[in-house]
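**Q** got a predicted structure plus its sequence, pasted below:
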Amino acid sequence: MPNIRLLAALIACGALCPLAVRADDDPVAPAAAELPSDESLEQSGAVIGEIRIDNLDIFDTRLDEEDNAVFRLANWLHIQTRRETIEQQLLFKPGERYSARLLRESERTLRANGYLRDAAIRVEAVHDGVVDIVVATQDVWTLKPGVSFGRKGGRNSSSVGIQETNLLGRGKQLGLDIHSGVDRRSKALTYQDNQLLGSHWTLTGEYDDNSDGRAQKLAIEKPFYALDTRSAGGLSLSNERRIDSVYSQGEVVNQYDVSARHATAYTGWSDGLHDGAALRWTIGLTFDEQRYAALPALGSASVAPDGRRLLYPWIGVGWIEDQFIATHNQDQIGKTEDIALGWNVRGRFGAASSRLGSDRTAGVFDAGFSKGWMPDSTQTWLLAVTAEGRVEREGLSGSLFKLSGRWYLRQSAQRTLFAGLSVDRGVRLDPDQQITLGGDTGLRGYPLRYQSGSGRWLATIEQRAYSDWFPFRLFHVGGAVFYDMGRTWDGVRPGDSAQGLLRDAGVGLRLGNSRSGLGTVVHVDAAFPMDGDKSIKKVQFIVEAKRSF
């Protein structure tokens, strides 16, 4: 969402091409011809020597176009990421055997941080069987005060607050946000530490004071942070009170009070990476309770559904392949993107019983996989499938199955044709699993939550353009022409799916944010609906910030 915090802080923010792309601007890029290949270094048993951290500030004042008073002031105001914050995320240390794979994986780990613009890890020198490494990164502006505004599906949203995503240069996040959205107004205080006490443990906490209730969340976890990680574990707790709404053709048809509690504890282990893949096992215990109550103020207009209470042990398994590529101008503009092409398969299966305190006997499952393909240098195919729910005496219940496929055809360095298809299918859905279709779920020409049902499909085709234009050196600019179509089925009430197939077309502007920790792409779209009833406006204007193009 375009916001004043960008205009206030990003006057000090321009668009610099990724470190890994512009070797002419990278003072640490070595002359590749003078260095041995990765294969020869690994075969010779070379070990890692000095690791030099070269972290650039927001602006590289060594470049003439960035050496001005405003940019120097921004650098002075900004607290740079500390050396130890970066070092703690590296998967290699001095004295260990050299592994090119660990260098590439460490790059992906660093690039996943919202407070770094990019990361490139290279061999700087080789001498007497010792390899010196340089880790080149660049900071972005991470203090985000101000206000924001967005519009989609004919509804407005706004927020005001302050957030720091790299507190004191240590990679920790602290934020206070006051948000007004479609469902509620909220005040949220959040904290996240991905390197708790310099370790690989993460700590996340959140407290929300909402217009319709409150929410508290706390989690501490050591994840499988790398492909070769041997152990994992964690504990998460949440407690929430809110009012949920049921939608039909964009209008609220029911509201009820929700009291939700959830807790999960688990431990995991793995033999690490073998033959290019890692097999992981987890066991845990989960408590899941959802209680619903009618709202007395609404009288007969408020109908509360049945709740649930589940306490169950579970076992999980995962298998992930080490197949990744780095690309540009796919879902971002002017940024390095890491794409997983290998198989990533996961499954978790539990058993709930009244003997353990559950209100029913059920098998609980949560599984999925993703895979990517590149049949040639111009095409990328990405597929993902997930399934979650329960098996009860009556059969499947609270079950949701999702399939999504994406296809990219790179026509040139600045043009890509994109097509996407998603299909969601629910079976005896729980109240918190509503399936809707509208301006908030990708059908850009229609009101928010316009259709609802037990199933949905949505297809999109989009011609994307990525320019070299950097206005005021603040944003990477792109654009798109798009066509969406989809529908739901088995509506919440008779007539929900009467509109049948819904289609729209439109054009949009894309502003890629590369100098701020927001890490988003601002969408400014005009979408024209082709179907639906006469109450729908002939053009929908959408302004929102998304994680991708």
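**A** In hand now; what should we look at?
**Q** pLDDT score assigned to the residue lying farthest from the centre of the chain?
**A** The outermost residue of the chain, judged against the average C-alpha position, is residue 128 (43.4 Å), by CA atoms, centre = their mean. Looking at residue 128, its pLDDT is 90.
**Q** what do you get for residue 375?
**A** According to the prediction, residue 375 has pLDDT 95.
**Q** hang on, it in a helix?
**A** No: going by DSSP: H, G, I helix; E, B strand; the rest coil, the assignment for residue 375 is coil, not a helix.
**Q** before we move on, which element is the residue nearest to it when sequence neighbours are not counted in?
**A** Of all residues not flanking residue 375 in the chain, residue 381 sits nearest, at 7.4 Å (CB to CB, 6 or more residues apart in numbering). (C-beta placed from N, C-alpha, C; glycine too.) Taking DSSP states H and E as the definition, residue 381 sits inside strand 379-392.
**Q** now do residue 134
**A** Using DSSP H and E, the element containing residue 134 is strand 130-139.
**Q** for residue 411, same thing?
**A** Counting by DSSP H and E, residue 411 is part of strand 395-412.
**Q** who does that strand touch, helix- and strand-wise?
**A** When contacts are defined as 3 or more CB pairs under 8 Å, 6 or more residues apart in numbering; DSSP states H and E, strand 395-412 packs onto strand 379-392, strand 415-427.
**Q** isn't residue 371 right up against residue 342?
**A** Yes: with contact defined as CB atoms under 8 Å, residue 371 counts as touching residue 342 (7.4 Å).
**Q** find the residues that touch each one of those two.
**A** Residues touching both residue 371 and residue 342 do not exist when contact is defined as CB atoms under 8 Å, 6 or more residues apart in numbering.
**Q** flag every buried residue along the longest helix seen in the chain.
**A** Longest helix of the chain, by residue count under DSSP state H: helix 100-111. Residues 101-107, 109-111 are the ones in helix 100-111 that count as buried (16 or more other CB atoms under 10 Å).
**Q** tell me which helix or strand comes right after it.
**A** Sequence-wise, the next helix or strand downstream of helix 100-111 (DSSP H and E) is strand 116-127.
**Q** list the neighbouring strands of that next one plus their orientation.
**A** Each strand paired with strand 116-127, and its direction, by DSSP bridges: strand 130-139 (antiparallel).
**Q** quick one: the strand it pairs with to helix 100-111, angle?
**A** Interaxial angle, strand 130-139 versus helix 100-111 (axes from the mean of the first three to the mean of the last three CA atoms, to 10 degrees): 20 degrees.
**Q** my read: residue 402 touches residue 423, true?
**A** Yes: Residue 402 is within contact range of residue 423, at 7.3 Å (criterion: CB under 8 Å).
**Q** thinking again about what came up before, can you redo the helices and strands packed on strand 395-412 as a markdown table with distance to residue 88 and mean pLDDT?
**A** Below are the helices and strands packed on strand 395-412 laid out as a markdown table (distance: least, CB to CB, whole Å; pLDDT from 0 to 100):
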| stretch | distance to residue 88 | mean pLDDT |
| --- | --- | --- |
| strand 379-392 | 31 | 97 |
| strand 415-427 | 36 | 97 |
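**Q** do you know which of those lies nearest residue 354?
**A** Each of the helices and strands packed on strand 395-412 has some distance to residue 354 by CB to CB; the shortest is strand 379-392, at 12.2 Å.
**Q** for the closest one, buried residues please.
**A** By 16+ other CB under 10 Å, the buried positions in strand 379-392 come out as 380, 382, 384-392.
**Q** compute the inter-axis angle for that strand and strand 395-412.
**A** Strand 379-392 and strand 395-412 are oriented at 170 degrees to each other (the same axes, to 10 degrees).
**Q** which helices and strands does strand 379-392 pack with?
**A** Other elements packing on strand 379-392 under the criterion 3+ CB pairs under 8 Å, 6+ apart are strand 362-373, strand 395-412.
**Q** would you reformat these as a markdown table and include mean neighbour count?
**A** Shown next, in a markdown table, are the helices and strands packed on strand 379-392 (neighbours: other CB atoms under 10 Å):
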| stretch | mean neighbour count |
| --- | --- |
| strand 362-373 | 17 |
| strand 395-412 | 16 |
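**Q** all set, thanks.
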